[in-house]
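1. need coordinates for the below:
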Amino acid sequence: MRESAEREKVRFVSGGTECAAWHYPGSNAACVIMAGGFAVTKEPATDRFARRFNDAGFSVLAFDYRRIGESAGQPRQVQPVRDQLADWEAAIGFAATLPEVDPARLAAWGFSAAGGHVFRLAARDQRLAAAIAQTPNADNLAASRNAARYQKPLAMLRFTGQGILDALGGLAGRPPRLVPLMGEPGTVALLTTPDGREGNRALNPGNRYPDWQQAAAARSALRLGFYSPGRAAAKVRCPLLVLVCDQDQTALAEPAVRAARRAPQGTLVRLPGGHYQPFLDGHEQAAEAELSFLRRHLLDRAQAGSPAAAGSPAAAGYAPRRGG
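-> Numbering: from 1, shown residues only. Next up, the predicted model:
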């Protein structure tokens, strides 16, 4: 196994706004583009998996969406789905221009909300040669109904009220009303499920990432509940790995299982545990399954001269820019 290369800060433009990313140069010409769950910045979301992929020779581009983390954009912590999808497309185009990367060997990796985005991206972006959706939110309507079992009615009403007020305030140019990403039942928070409350321990042990603002605009959190990206799975034409955890009470396993089975080239991996198990005791098993998938579809298939590897178009118009 090679030593992991030093990562470097790079920036690319999406929708007229600069997005910040970590670029880990690799040695095998394949690149994994990575982003995190809802309002989770690139370091807590991707560091552990990005290092594993890079140690195995893959280049990695791990980015922050507009308006969070080190990316630019106002108002902060506002996360419309359409903008996140546009940021993904810009990141894929940028990755194709990296000097060590073969643009025919690009894969997308996302977990939770970003895992849900992977279904839509892989269905419509022919630049992707493979995709990984880890504990994805395939059906947020179902997840919201399940989450209601772990929340108190008054807190649910307050959350909805905050979202409506925030949306109206946004129209008037007021600053966002923020809600915490995680909290105890009875508090106004995006996640109050038992495994959802494990998020900080899983992603930010020992407060390793003190700059991560664990909050989102209430309007964005409310709208996320109506998003069901797993419906796009039947249109995914590249190989797709869907990794689910059977006791996931945050994203739910069964909608993701159904999505994996609808995908023409879907591969399903099931692990025991809750939503964040791949960052906890299930990390080794999850990382090995994902590495095996990436090697099979980005390296072995390319070396065999498959049609998917011979002429996937590189995106134009994204000039790499480096710097902090």
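2. buried ones in stretch 213-230?
-> Residues 214-225, 227-230 are the ones in stretch 213-230 that count as buried (16 or more other C-beta atoms under 10 Å). From N, CA and C alone the C-beta is placed, and that goes for glycine too.
3. stretch 110-128 too?
-> Within stretch 110-128, judged by 16+ other C-beta under 10 Å, the buried ones are 110-123, 125, 127-128.
4. show me the contacts for Gly230.
-> With contacts defined as C-beta atoms under 8 Å, 6 or more residues apart in numbering, Gly230 is in contact with Gly116, Phe119, Pro136, Ala138, Asp139, Pro255, Ala256, Arg258, Ala259.
5. gap between it and Lys42?
-> Here the criterion is C-beta to C-beta, to the nearest Å. By it, Gly230 lies 24 Å from Lys42.
6. sitting in strands, which of the buried residues of stretch 110-128 do you find?
-> In this view, the buried residues of stretch 110-128 that belong to strands under DSSP state E are Gly110, Phe111, Ser112.
7. minimum pLDDT in the buried residues of stretch 213-230, which residue is that?
-> Checking pLDDT across the buried residues of stretch 213-230, the minimum falls on Gly225 at 73.
8. once you drop chain neighbours, what's closest to it?
-> Distance criterion C-beta to C-beta, 6 or more residues apart in numbering; nearest residue to Gly225, sequence neighbours excluded, is Ser144 at 4.2 Å.
9. torsion angles phi and psi at Leu154?
-> Note on Leu154: backbone dihedrals following degrees, to the nearest 10 are phi -60, psi -40.
10. can you start the count at 38 instead of 1 from here on
-> Yep, numbering from 38; the last one is Leu191 now.
11. count the neighbours of the nearest residue to it once chain neighbours are set aside for me.
-> The shortest distance from Leu191 to any residue other than its chain neighbours is 7.7 Å, reached at Gly223 (C-beta to C-beta, 6+ apart). A count of neighbours around Gly223, defined by other C-beta atoms under 10 Å, yields 13.
12. and Lys189, how far from Asp232?
-> The value you get for Lys189 to Asp232, if C-beta to C-beta is used, is 18 Å.
13. between these two, who's got more neighbours?
-> Summary of the neighbour comparison: Lys189 and Asp232, criterion other C-beta under 10 Å, with Asp232 having more neighbours (22 against 14).
14. could you look up the SS state of Glu291?
-> Glu291 falls in the helix class when you classify it by DSSP: H, G, I helix; E, B strand; the rest coil.
15. from Val273, how far off is it?
-> Distance, Glu291 to Val273, using C-beta to C-beta: 18 Å.
16. need the contact list for the residue lying closest to Phe316 once chain neighbours are set aside.
-> The spatial neighbour of Phe316 that comes closest, neighbours along the chain excluded (C-beta to C-beta, 6+ apart), is Ala239 at 4.0 Å. Under the criterion of C-beta under 8 Å, 6+ apart, the contact list for Ala239 reads Tyr313, Phe316, Leu317.
17. contacts only, for Leu228.
-> Contacts of Leu228 by C-beta under 8 Å, 6+ apart are Ala184, Leu218, Met219, Gly220, Arg234, Gly236, Thr287.
18. with neighbour numbers in mind, choose between Glu291 and Val273.
-> Val273 (26 against 13).
19. quick revisit: can you put the ones in strands among the buried residues of stretch 147-165 in CSV and add distance to Glu107 and pLDDT?
-> Conversion of these to CSV gives the following (distance: C-beta to C-beta, whole Å; pLDDT from 0 to 100):
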residue, distance to Glu107, pLDDT
Gly147, 18, 98
Phe148, 20, 96
Ser149, 20, 96
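20. of the residues you listed, closest to Arg113?
-> Of all those, the one sitting nearest Arg113 is Ser149; the distance, using C-beta to C-beta, is 20.2 Å.
21. make sure that closest one is actually in contact with Gly73.
-> Yes: applying C-beta atoms under 8 Å, one finds Ser149 in contact with Gly73, separated by 7.4 Å.
22. all the helices of the stretch 188-337 of the chain, in order from the start?
-> Read by DSSP state H, counting those that start in this stretch, the stretch 188-337 of the chain holds these helices, from start to end of the chain: 190-208, 236-240, 255-261, 290-299, 320-331.
23. among those helices, show me which one is buried the most.
-> Taking mean count of other C-beta atoms under 10 Å as the contact definition, the stretch among these with the greatest mean neighbour count is helix 255-261, which reaches a mean of 23.
24. which neighbouring elements make contact with that one?
-> Based on contacts counted as 3 or more C-beta pairs under 8 Å, 6 or more residues apart in numbering; DSSP states H and E, the elements that helix 255-261 packs against are helix 190-208, strand 215-217.
25. I'd like to know which of those lies nearest to Pro136.
-> Shortest separation from Pro136 across the helices and strands packed on helix 255-261 is recorded for strand 215-217, at 39.2 Å, computed as C-beta to C-beta.
26. strands paired with the closest one, and their directions?
-> strand 252-254 (antiparallel) (DSSP bridges).
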